[in-house]
Structure formats: structure tokens, C-alpha cells
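Enquirer: Build me a model:
(chains A and B)
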Amino acid sequence: MSDFFTATVLLATLASGIRLATPFLLAALGETLGQKSGVLNLGVEGVMLLGAYGAYYATLRTDSVLIGIGVGVLVGAFMGVVYGVVTLALKAEQGISGIGIFIFGLGISDLLFQKQVGTPTPIDGLGHFSIPVLGDLPLIGEALFQQNVLVYVAFLLVPALWFVINRTTFGLNVKAVGETPEAADSLGVSVDRTRYITIIVGNAMAGLAGAALALELAIFQQNLTNGHGFIAIALVYFGAWRPSGVMAGALVFGLIQAMVLQWKTLGIVVGTTASIVGMFPAVLTILVLVVVSRGTGAPAALTRPFERGH
Amino acid sequence: MLIGAVLAAGLIGAVMLLVLGANPLTGYAALIDGAFGGTKNLANSALKAMPLLLVGAGITVAFRTGVINIGGEGQIIAGAILSTLLVLALPDVPRLILLPSAFLFGAIGGAIWGGMAGALKSYAGVNEILSTIMLNIIAVQILNLLLRGPLMDPGEIERGSRIPHTERLSGNADLPILPGGTRLHFGVIVAVVMAVVCYVLLFRTTQGLRLRASGHNPFASLYAGMSVKRNVVLAFMYSGAMCGLAGVTLVFGSEGHRLATDGGATTFTGAAGFNGIVAALFGGLHPLWTIPASFLFGALLVGANAMQREVQVPAALILGLNGLVVVFVVASLQTRVRLAQIASRLRGEEQADLSLSDEASSAEAGADTS
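Expert: Residues are numbered from 1 along each chain as shown, chains lettered A, B, ... in the order given. Alright, predicted model coming up:
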């Protein structure tokens, strides 16, 4: 255990923790936007899997990480259109149709992987990009400012999403639609149009989150995400629907994962104990939900379909 | 309407087959033949349907009480582990005692795992969809831990191959094969009987009335002096027990007669915990209608393997299409009306109903004595 508490190891853990927090953060920010407009998307996990596979496959075929990322986002956005039609046009119950999307993503990503790739073939993941000056800072420079580009994107999206929600007309509409869709509608805000936008953007972010995961691990396999998407939903509650709170939660989960990986590398946990630490994120998620369960700040119209004249 | 959901999913599946370079007609012909062609295939379909029926019928109880149980995978594993432990500990007990005890232990294991989600929901306000998914992950890890550690077949350790499965479990716990020359075993009868039991529980007992009332209108139930919280825990325990039974049939009815894992998310369960939800929704959330619905989806899964051999498209296609069936069924009008009640309950979860029931539980205590 003493090997763990050295500056080099701790900083390396911090760096990988930030990297591992990225998929959680991207997915949870997207979910936050959707929920702010009153739509619960439980299909994040499935969309992440599809985005991850899309990014993996495109990168494998084209050797271009950028195309991979683009495909991941597009797959997510497409699933957003699907989910929008299902929940807005068809007014399907959001909880269960989300589970349907999850099962769909679980099966189809596995199908495509088996059919098109077969054996797990590693890809070149994301290269690191050192921010000038900041990246050269002693100690923390390497941990914080020599990351891959998606890490910067994810953390820049935190203030960006806060700004959009709190300082723009569109954000005001999103909140109005999520709290009292009837009032928003009577003032000429199109409830469905606003929700379509948040769902498509939110799912595109879930697709991007999947891409970030696949490119970080540089591999794909069945059920690659293993609960990432569901944990991301829990993080929205944890962060009380605020981007900064969501970021704090994502960092906690990323750091814990990094710590566990580091312990495995150092041989602090071996063999069967790996299963015990493997269940750690799930246990933590339940504990987090127990603590934040009362759901203060939940959008009032969450999961409620909107119909004019009701 | 429901058939439309399957047809729509099938149509999308056909497009996917085309895109993947397979002939959809050949593929679907192989699927239907593999599922329904001949006694042997029909028997295999029924075997595949067995865990779906147990999970699905159990899930109808949870749904009718207004909670969504997608923790079938974890509850199957919990039931399988507890029953396996019993049989490993007492291998020489006669079959007439051992087999029923294994089922009982499986039900208890599943009920404990399900009950945890129910208790978390009722007493800590934790969303049951998230908690059950997390409990699934935890159960898989416990299974891996046991099968790579204390429960590993001593023979595997001796040979050094270390395949994560138990030894061949006691023959006294084998599920008896039914006469007729097929692989059909006693577990199929258990599944059908238990589906009927779920029906009786839900629609022919006071307990079932209470559960359904909680799901239908939690506020009215509270004013009538029921404990919605307790009903939610109970519903999860019933639902979990059914999944636990599915775990028992999957272990003691397996060809290897052992508990095994591949280390992945869906191990010996074959994703029955998820496919059972599809069967339950397709059966209109009615335990008896879940019987033919399970058979249909079990047949699709068996047929998918035949299709995989014929046109080289992985059977995972069917799991994906099942997800679409869920979406289409939920989007269909008649299901929407039924689910609106559940939705209203989900909306209210952080609001009055659960906090109110604290006050109501004392009222209920009074009502019970009178």
C-alpha cells in the first residue's frame, strides 16, 4: 500500500482519474440537459454502447480518431432522433422505452462487433495534447494539462452548459419546458421543439461519451460500458441538475476507477479481490443515491409527456 | 397492436440483415424452422422460454405494484448462488428433499436481492431502475469472485485449467427429464405453475389487491390504510423470488449441471433477466398471457441460433430487436394507458406518497388490529 502514496503514483492516478471521469461527465451532462427539459433518458447506456462501437469501428477502418469521434456523435444524435420520436411524437412512457433503447444498444453493438470485427482488435487511441505553458507546470502540469482532446472538451462543456442553461433564452425555454410545460406553451415556446433539441444534443453527448470510452480503452467488447451510462444518470441526481455538481460526481467516479486500476498495477489487489473492487463503483452509486435521494431540484415535469389542452 | 410491434421490429431486423449482407428471407426461414420445426426444436424453445416466463411473471407483480424491476439478472444470479451453495453443502440428501429445498433457497436468494432494491426504494428513496442495475453488476462480481475462488471445481484447480465453474453438482439435484424423448425437464412445469401462482396472487388474494392498489393509486391506498412502502418491498421480493427460481432451473437444468460464468455481464443467464421484461410487456403485464409471450420470445432466441448458423448473423440481433419490441409496445396506445398509472407513481416518488406513508403506517397498524 505504501507504494501507492508516492508523488509520482498519486499524480499518475490523478491524471488517469480525470481521463476516466470524461465518459461519465459527457454522458451525465447530456442527461442533465435532457432532464432539465423534462425528459428522462434511461437509454444512455445503450446509446453509449452504440456510440462506442461506431467510434471504434470507424477508427479501426479509417485510422482516423477524428472520424471515429464524429461517427460516435452522429450515432448518438441519430438515437436522439429515435428517442425523440418515441417519447415526444408517440408519447411513450419514458422509463421503459429507455430500457428498450438500452437493450437495443446492448444487442446491436454486440451484433455488429461480432459480425464486422469478431476478435477484439486494438486501435490507436487518442494522443495526448499538452497545453502550452500550463502543460509545463511542475507536478500538476502533466496530470491536468497533458490530456487527450476529449478531456478538454468534456470539462469545457461544464461552464458552457451552465451558460446555455442559465444565461441564454434557449436555456430559459428549456427550464420553463421542464418545470411547467403548459405555461411555456402558452407563452409561445414550442415544448416539443425544445425537447427534441435537448434530447438530440443529450444523446449526441452520450454517443460522444461512448466514443471517449472506446478510444480511451482503445478496444471494444460486448457490454463495454458495463454500467457507465446508468452511473451517469445517478450523477445527475448527485449533481442536483447542476453542471458543476455533475462534474464533481464524475471526478469522484473517475478517481476511484483510477485508484483501483493503480492498485491492480501495483499488485495491492490481486486475483479474486479484483472482483471486490470491481463492484465498488456500483456500491458507491447506491450509497450516493441513498444520500441524495430526496431529489431536491428535480424538474417538476420530469417524465411527464406534454399534450396541449391537458 | 402487439403483433404490430413484433412485425415492425422484424422489418427493421430484415433491413439490418440486408445491410449485413444476409438474405432476410433465408435468415427468417431458418429462424422459424429452428424455433418451431419439429418436436426437438419446439422443446428447445420451451426450455429457452422457461427462465423468461419465471422472470416475466415475477416482473408483472412488480409492475402492477407500480415499480419497475430490471434487476432480473442479479436476482437470477443470487438464486443460483444460494441454491448451489445448499447442494454443494448437502449433496447426499435424497432428491425428494434436496430438489424442493434447492428451489426454496433459490427463491430466498432472489427475494433477498430483489428485496434490497425494494427497501432502498421505500426507505431511502432510491430510484429502483438505477439500484437494480447496480445490484446486477454487484451480483455478477460476487459470482465471479466465488467461481474463481472458493467454489471453483477442485478438478479445474488440479488440472491447472482453472475454468470458472463449480464441480458437477449432486445428481440428486438434477431436474428430472420429462418423458417424450426431448430435453424438456421438470423446470418447465415449475415455470408454468408459478406463473399461475402469480396470477392467483395478483388477482385472487387480498395481498394481490393491496399490491395492485398501491400501483394503481398510491394516494388512495394510503388513505385506505395500506403501507405503500411495505407493498413495494413485498412486490420486489415476490418478483425477485421468481427470478431466483429461474436461476435454479438454469443451474440444475443445464447440460453441465454446474454453475458457470464467462466473466461477462450476462453469464449463464443468457440475458433472461432482460428478455423476461420483454415477455412480460408483450404479455400485457398479465402473468397468464406471459406464458405464450415467453414461449414466443424463447422460440425467437432458439431460432436466432439456427439463423446464425444459416446466414452467419450473430444471435445478438434478437436481443437488439427485443429492445425495439419494448419501445414499440410501450409506444402503442393500449399499453400507454396502462403505464400512465405507473408513470404517475414514478413522478410522485419524490413527493408525497412515500413520505406520507410514514404517517399512514400507524393508521395501518390500527386497521390491522380492528
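
Enquirer: For the helix or strand harbouring B:A299, which residues meet the burial criterion?
Expert: For B:A299, the host element (DSSP states H and E) is helix B:290-311. Within helix B:290-311, the residues scored as buried using 16 or more other C-beta atoms under 10 Å in any protein chain shown are B:290-291, B:293-308, B:310-311. For every residue, glycine as well, the C-beta is placed using N, CA and C.

Enquirer: Residue of the stretch 51-200 of chain B nearest chain A, please.
Expert: Closest to chain A within the stretch 51-200 of chain B is B:G125: 3.4 Å, counting by C-beta to the nearest C-beta.

Enquirer: what number of residues lie near that residue?
Expert: Neighbour count of B:G125, defined by other C-beta atoms under 10 Å in any protein chain shown: 17.

Enquirer: Also A:A143?
Expert: Around A:A143 there are 19 residues (other C-beta under 10 Å).

Enquirer: For it, list the residues it contacts.
Expert: Counting by C-beta atoms under 8 Å, 6 or more residues apart in numbering or on different chains, A:A143 touches A:11-12, A:14-15, A:18.

Enquirer: what's the pLDDT at it?
Expert: pLDDT for A:A143: 72.

Enquirer: Apart from its chain neighbours, what residue comes closest to it?
Expert: Nearest residue to A:A143, sequence neighbours excluded (C-beta to C-beta, 6 or more residues apart in numbering or on different chains): A:A15, at 4.0 Å.

Enquirer: so where's chain B shaky on pLDDT?
Expert: B:1, B:263-266, B:333-370 (pLDDT under 70).

Enquirer: Just say helix, strand or coil for the most centrally placed residue in it.
Expert: Centroid check for chain B by C-alpha atoms, centre = their mean gives B:V55 as the closest residue, at 2.3 Å. Secondary structure, DSSP: H, G, I helix; E, B strand; the rest coil: B:V55 is helix.

Enquirer: ok, back up a step: the residue nearest to A:A143 is in contact with A:Q147, isn't it?
Expert: Yes: here A:A15 lies in contact with A:Q147, judged by C-beta atoms under 8 Å, at a distance of 7.3 Å.

Enquirer: More neighbours: these two, which one.
Expert: A:Q147 (23 against 20).

Enquirer: Give the full set of residues in contact with that one.
Expert: Under the criterion of C-beta under 8 Å, 6+ apart, the neighbours of A:Q147 are A:15, A:18-19, A:128-129.

Enquirer: mind listing what the residue nearest to A:A143 touches?
Expert: Applying C-beta under 8 Å, 6+ apart, the residues near A:A15 are A:142-144, A:146-147.

Enquirer: Check which helix or strand it maps to.
Expert: Taking DSSP H and E as the criterion, A:A15 maps to helix A:7-36.

Enquirer: before we move on, what about B:V326?
Expert: Residue-wise, B:V326 maps onto helix B:316-331 under DSSP H and E.

Enquirer: what about the strands in the stretch 1-150 of chain A?
Expert: Using DSSP state E, counting those that start in this stretch, the strands found in the stretch 1-150 of chain A span residues A:129-130, A:146-147.

Enquirer: which helices and strands sit right next to the first one?
Expert: Read it as strand A:129-130. On a contact count with 3 or more C-beta pairs under 8 Å, 6 or more residues apart in numbering or on different chains; DSSP states H and E, strand A:129-130 meets strand A:146-147.

Enquirer: what lines up beside the strand it packs on in the sheet?
Expert: strand A:129-130 (antiparallel) (DSSP bridges).

Enquirer: Next, work out how far apart the nearest residue to B:F297 once chain neighbours are set aside and A:V153 are.
Expert: Of all residues not flanking B:F297 in the chain, B:A279 sits nearest, at 5.0 Å (C-beta to C-beta, 6+ apart). B:A279 sits 41 Å away from A:V153, taking C-beta to C-beta, to the nearest Å as the criterion.

Enquirer: neighbour-wise, which of those two wins?
Expert: Using other C-beta under 10 Å, the more surrounded residue of B:A279 and A:V153 is B:A279, with 30 against 16.

Enquirer: to the chain's geometric centre, what's the distance from the helix or strand containing the more buried one?
Expert: If you go by DSSP H and E, B:A279 is part of helix B:272-282. Chain-centre distance of helix B:272-282: 7 Å, with C-alpha atoms, centre = their mean, to the nearest Å.

Enquirer: Need the CA coordinates for that helix. CSV is fine.
Expert: C-alpha atoms of helix B:272-282 as CSV (Å, rounded to 0.1, in the frame of the first residue of the first chain):
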residue,chain,number,x,y,z
ALA,B,272,-33.0,-13.8,-19.3
GLY,B,273,-33.4,-11.0,-16.8
PHE,B,274,-33.8,-8.5,-19.7
ASN,B,275,-35.7,-10.8,-22.1
GLY,B,276,-38.2,-11.6,-19.4
ILE,B,277,-39.2,-8.0,-19.2
VAL,B,278,-39.9,-8.1,-23.0
ALA,B,279,-42.1,-11.2,-22.5
ALA,B,280,-43.9,-9.5,-19.6
LEU,B,281,-44.6,-6.3,-21.5
PHE,B,282,-45.7,-8.3,-24.5
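
Enquirer: Mind checking the pLDDT average for the helix or strand harbouring A:I286?
Expert: Here A:I286, judged by DSSP H and E, is contained in helix A:280-291. For helix A:280-291, mean pLDDT is 89.

Enquirer: relative orientation of it and helix A:7-36 in degrees?
Expert: Interaxial angle, helix A:280-291 versus helix A:7-36 (axes from the mean of the first three to the mean of the last three C-alpha atoms, to 10 degrees): 50 degrees.

Enquirer: Enumerate every residue touching the residue lying closest to A:L134 once chain neighbours are set aside.
Expert: Counting by C-beta to C-beta, 6+ apart, A:F145 is the residue found nearest to A:L134 once chain neighbours are left out, at 4.1 Å. Listed by C-beta under 8 Å, 6+ apart, the contact set of A:F145 reads A:130-131, A:134-135, A:137.

Enquirer: Could you rerun that using 10 Å?
Expert: Neighbour list for A:F145: A:15, A:128-137, A:151-152 [criterion: C-beta atoms under 10 Å, 6 or more residues apart in numbering or on different chains].
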